[in-house]
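Colleague: Have a look; sequence and predicted model below, questions after that.
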Amino acid sequence: MSNNVLFRDDSYKHLIFQEQNIIVPGKKLVHVFNKHDMGFLGSIKWFKPWKQYCFFPEPECIFHNECLQKIAEVLTRLNTEGKTK
């Protein structure tokens, strides 16, 4: 497992985005954790049918608007990076 924390930014009050080592060339897998207790909240990964990165939350996770906005920011960055390659 990688310790590469993506988008280190104090504005992410509640979330940590950690890139994982994967075998798929050119694609990223990012795990999302609760910053306070390191609880696993879900993954951001490539969704081939939609040809973009999507967030796959763990069952029964609850998010408020600020967390969803931060997840959307990371999705936007990853999807923008993917289009420029």
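Modeller: Yep, that arrived.
Colleague: So in terms of bridging, what pairs with W46?
Modeller: Y53 (DSSP bridges).
Colleague: Isn't it up against V30?
Modeller: No - counting by CB atoms under 8 Å, W46 does not reach V30; the two are 10.4 Å apart. The way it works is simple: take the backbone N, C-alpha and C, and place the C-beta from them, glycine included.
Colleague: In a strand, I16, correct?
Modeller: Yes - according to DSSP: H, G, I helix; E, B strand; the rest coil, I16 belongs to a strand.
Colleague: separation between the nearest residue to it once chain neighbours are set aside and W50?
Modeller: Excluding the flanking residues, the one nearest I16 by CB to CB, 6 or more residues apart in numbering is F33, at 4.5 Å. For F33, the distance to W50 equals 24 Å [CB to CB, to the nearest Å].
Colleague: more crowded one of the two?
Modeller: Between F33 and W50, counted using other CB atoms under 10 Å, the more crowded position is F33 (17 against 9).
Colleague: Dig out what that one forms beta bridges with.
Modeller: Going by DSSP bridges, F33 forms beta bridges with I16, F40.
Colleague: Let me see the contact set for it.
Modeller: 15-16, 18, 39-41 (CB atoms under 8 Å, 6 or more residues apart in numbering).
Colleague: got the residue ranges for the helices in this protein?
Modeller: 65-84 (DSSP state H).
Colleague: Which one's more surrounded, W46 and V30?
Modeller: V30 (24 against 18).
Colleague: low-scoring stretches of the chain, by residue?
Modeller: 1-11, 83-85 (pLDDT under 70).
Colleague: at 80 what do you get?
Modeller: Scanning the chain for pLDDT under 80 picks out 1-12, 23-24, 82-85.
Colleague: L75 reaches W50, doesn't it?
Modeller: No - applying CB under 8 Å, one finds L75 not in contact with W50, separated by 11.3 Å.
Colleague: All set, thanks.
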